[in-house]
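In: here is a sequence with its predicted model. Questions after.
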Amino acid sequence: MCGVDGSAASDNALIWAAHEAKTRNAVLDIVCCHQVPSYPGQRGEGGLSEDAARQIIEAARAKVAGTGVDVQTSLESDDPRSVLLGRSKKVARIVVGARGGSGGFADRLLGSVASALTSRAYCAVVVVPQIDLEELVPAKHIVCGVDGSETSRIALELAIREAARWGAKLSCVSAINLGGSMWVPGPGYHQEVIDDVRSGLNEAVETAAEGYDVDVHCHVIEGNPAALLAEFSTAVDLLVVGTRGRGGFAGLLLGSTSQAVLHHSECPTIVVPRRTGVNEDSPWSNVPWGRKKASAE
């Protein structure tokens, strides 16, 4: 599902969503919300008028008409948070732009709507920045932030499926931010900490990647996770992160750091909420890039 508001970033989100729907052989549901202002002259939270929303939907359908993707559209007279959260129970993915206009989906995504989606959605959320997507789709290199938490594991499993589906290289990264920690290991234990993190990362990736034919590489890097994510986004096609963790990539995605990451990311970012449900797996069972079943003895 793709939320649109007529902005350039919204158009980018639509392009990404169409590519993803095509690779998944899925229906692309395009949604636009309109709201009646609470009082005359109200802006921002009042959102789009019904006529404007209808024009945006028609333009969006025209933009993806030649992609070969089955499309359905809907106009909703409700707050975007309510619409997106409700739909997240039935779809495999929500795609939105990183910035928008007229107080629509994307502008508010970096505020209350972002918090609602990333913490309460039942599916993964893709945030697409206002950039040239020509070299980023199909995705060729994906980076996943891993911190050892349960939500991080869910994000890792999704990243592996994404890499298998796109035929992309996957880099799994754990960040050690010793400079920002209250506890700093002694001189003789610094390398031991790094080795322990690397061992845990390798084990997690090996377990999650079992049965998939993917090119996976593991990296343990010292530094601030948010800064590293922003840097990675300049060189890769897709970031995958969880919404909660233990001080690493995932834990930083709720709060001010998430704002910085989403504002500065130069590639699409998949945010995987804690409550991601079984609808993520359902379209993957009978496709060439799915998990390989063990052969019978």
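Out: Yep, that arrived.

In: and W183, what pLDDT?
Out: Looking at W183, its pLDDT is 52.

In: strands of the stretch 1-150 of the chain, start to end?
Out: Remark: strands assigned in the stretch 1-150 of the chain by DSSP state E, counting those that start in this stretch are 2-3, 28-33, 71-76, 93-97, 124-128, 141-145.

In: please identify the deepest-packed of these.
Out: strand 2-3 (a mean of 30; mean count of other C-beta atoms under 10 Å). For every residue, glycine as well, the C-beta is placed using N, CA and C.

In: now the strands of the stretch 1-150 of the chain in CSV, with mean pLDDT and distance to E50?
Out: Shown next, in CSV, are the strands of the stretch 1-150 of the chain (pLDDT from 0 to 100; distance: least, C-beta to C-beta, whole Å):
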stretch, mean pLDDT, distance to E50
strand 2-3, 90, 16
strand 28-33, 93, 10
strand 71-76, 92, 7
strand 93-97, 87, 20
strand 124-128, 88, 25
strand 141-145, 93, 39
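
In: so where is the stretch 51-200 of the chain shaky, pLDDT-wise?
Out: Within the stretch 51-200 of the chain, the stretches with pLDDT under 70 are 99-116, 118, 178-189.

In: 50 - rerun?
Out: Where the stretch 51-200 of the chain drops to pLDDT under 50, the residues are 100-102, 104, 106, 108-111, 182.

In: before we move on, back to that, adding distance to A13, write the strands of the stretch 1-150 of the chain out as TSV.
Out: Shown next, in TSV, are these (distance: least, C-beta to C-beta, whole Å):
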stretch	distance to A13
strand 2-3	6
strand 28-33	10
strand 71-76	14
strand 93-97	4
strand 124-128	4
strand 141-145	18
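
In: do you know the pLDDT at V205?
Out: For V205, the predicted pLDDT is 93.

In: neighbours of it, how many?
Out: When neighbours are defined as other C-beta atoms under 10 Å, V205 has 22 of them.

In: what's the spacing between I94 and V31?
Out: Counting by C-beta to C-beta, to the nearest Å, the separation of I94 from V31 is 9 Å.

In: ah, wrong one, I meant K90
Out: 12 Å.

In: quick check: which of the strands of the stretch 1-150 of the chain is nearest to G223?
Out: strand 141-145 (12.0 Å; C-beta to C-beta).

In: give me the sheet partners of that closest one and which way each runs.
Out: Partners of strand 141-145 in the sheet, by DSSP bridges, are strand 169-176 (parallel), strand 238-242 (parallel).

In: can you list the ones you listed in a markdown table and add mean neighbour count?
Out: Converted to a markdown table, the strands paired with strand 141-145 look like this (neighbours: other C-beta atoms under 10 Å):
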| stretch | mean neighbour count |
| --- | --- |
| strand 169-176 | 22 |
| strand 238-242 | 28 |
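
In: which stretch among the ones you listed comes nearest I154?
Out: Taking the strands paired with strand 141-145 one by one with C-beta to C-beta, strand 238-242 is closest: 6.3 Å.

In: gap between the closest one and the chain center?
Out: Distance of strand 238-242 from the chain centroid (C-alpha atoms, centre = their mean, to the nearest Å) equals 6 Å.

In: from now on call the first residue 309
Out: From this message on, residue numbering opens at 309, which makes the last subject strand 546-550.

In: could you export it as PDB, keeping only the C-alpha atoms?
Out: In PDB, the C-alpha atoms belonging to strand 546-550 read as follows (Å, rounded to 0.1, in the frame of the first residue of the first chain):
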ATOM      1  CA  LEU A 546      18.100   0.300   0.900                       C
ATOM      2  CA  LEU A 547      18.300   0.400   4.700                       C
ATOM      3  CA  VAL A 548      16.400  -2.000   7.000                       C
ATOM      4  CA  VAL A 549      16.100  -1.300  10.700                       C
ATOM      5  CA  GLY A 550      13.800  -2.300  13.600                       C
END
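
In: what does it rub up against?
Out: Outside strand 546-550, the residues that touch it by C-beta atoms under 8 Å, 6 or more residues apart in numbering are 444, 447, 449-453, 455, 457, 459-460, 462-464, 466-467, 470, 474, 476, 537, 540-541, 557-558, 561, 573, 575-582.

In: picking up where we left off before, could I get the strands paired with strand 449-453 as a markdown table with distance to A316?
Out: Listed next are the strands paired with strand 449-453 as a markdown table, based on distance: least, C-beta to C-beta, whole Å:
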| stretch | distance to A316 |
| --- | --- |
| strand 477-484 | 29 |
| strand 546-550 | 20 |
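
In: mind checking those strands for the one nearest to Q438?
Out: When the strands paired with strand 449-453 are compared by C-beta to C-beta, strand 546-550 sits nearest Q438, at 16.0 Å.
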